[in-house]
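**Student:** Turn this into a structure:
(chains A and B)
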Protein chains: 2
Amino acid sequence: MSVKHARDVEKQIVKAGDKTTIQVLISSQEGPNFALRRFVMEPGGGMPNHTNTVEHEQYVLAGHATIGIGTETFDVYVGDVAFIPEGVPHWYQNTGEENFEFLCIIPNKPDVIEILEKEC
Amino acid sequence: MSVKHARDVEKQIVKAGDKTTIQVLISSQEGPNFALRRFVMEPGGGMPNHTNTVEHEQYVLAGHATIGIGTETFDVYVGDVAFIPEGVPHWYQNTGEENFEFLCIIPNKPDVIEILEKEC
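**Tutor:** Sure thing, here's the model as predicted:
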């Protein structure tokens, strides 16, 4: 690939999420070191607290949300950047009235997702 | 770092470019495998034909431009994604009337930039 438009990339439902889709914009087959993905979470959607075995570098494209990283929570908006180290619990909740969209880059390494129990 | 806003990240002038700045949103010290940068090229700005020793994965955030990758040229707009393999000549020209902004992710490997002669 050289250039493509994100709208032409297939959207896949994120089973572990709620009202959440992912598009693999540049796959681990296309890029030798990391993959570029775009997530869209509809209003009310999100992902429960979970861990991954790879780190995430993220950039908010649209909307806003509350996200949890470790024991901290953040309200994030367009232009915010998040770094989630491997193994650190994190979650997302679209608390706005429009889609929450962000890019998420991960290294080309095996990723295992583990959904954590809800904290009461 | 966990979360920061792009507007709070220092802008540095790209010496090899014209009317072009770079912000290192997540540095190679912060991320273990790759760095997330944001480029802004003012109207009329850009970068001449050059090569890098690392690949680029890019996402257009605002504006539009004409870019060259190898022997091909592309008009790119918001939501376009570009992959530039290591060693492949590429250039950028903001052909619009607003800033051309894009994210550019590179691996944590030594990067040497080489400016190429203009083709006549």
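
**Student:** May I have stretch A:56-64 as PDB, with CA atoms only?
**Tutor:** The C-alpha coordinates for stretch A:56-64 follow below in PDB (Å, rounded to 0.1, in the frame of the first residue of the first chain):
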ATOM      1  CA  HIS A  56      -0.900   1.500  23.100                       C
ATOM      2  CA  GLU A  57      -0.100   5.000  21.700                       C
ATOM      3  CA  GLN A  58      -3.300   6.900  21.000                       C
ATOM      4  CA  TYR A  59      -4.500  10.100  19.500                       C
ATOM      5  CA  VAL A  60      -8.100  11.400  19.900                       C
ATOM      6  CA  LEU A  61      -9.700  12.300  16.500                       C
ATOM      7  CA  ALA A  62     -13.200  13.200  17.400                       C
ATOM      8  CA  GLY A  63     -15.700  13.400  20.300                       C
ATOM      9  CA  HIS A  64     -14.800  13.000  24.000                       C
END
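
**Student:** mind listing what's buried in it?
**Tutor:** A:56-61, A:63-64 (16 or more other C-beta atoms under 10 Å in any protein chain shown). Glycine gets a C-beta too; all of them are placed from N, C-alpha and C.

**Student:** Out of those residues, flag the one nearest to chain B.
**Tutor:** A:Glu57 (4.9 Å; C-beta to the nearest C-beta).

**Student:** ok, the closest one touching B:Met1?
**Tutor:** No: applying C-beta atoms under 8 Å as the test, A:Glu57 and B:Met1 come out as separate, 10.3 Å apart.
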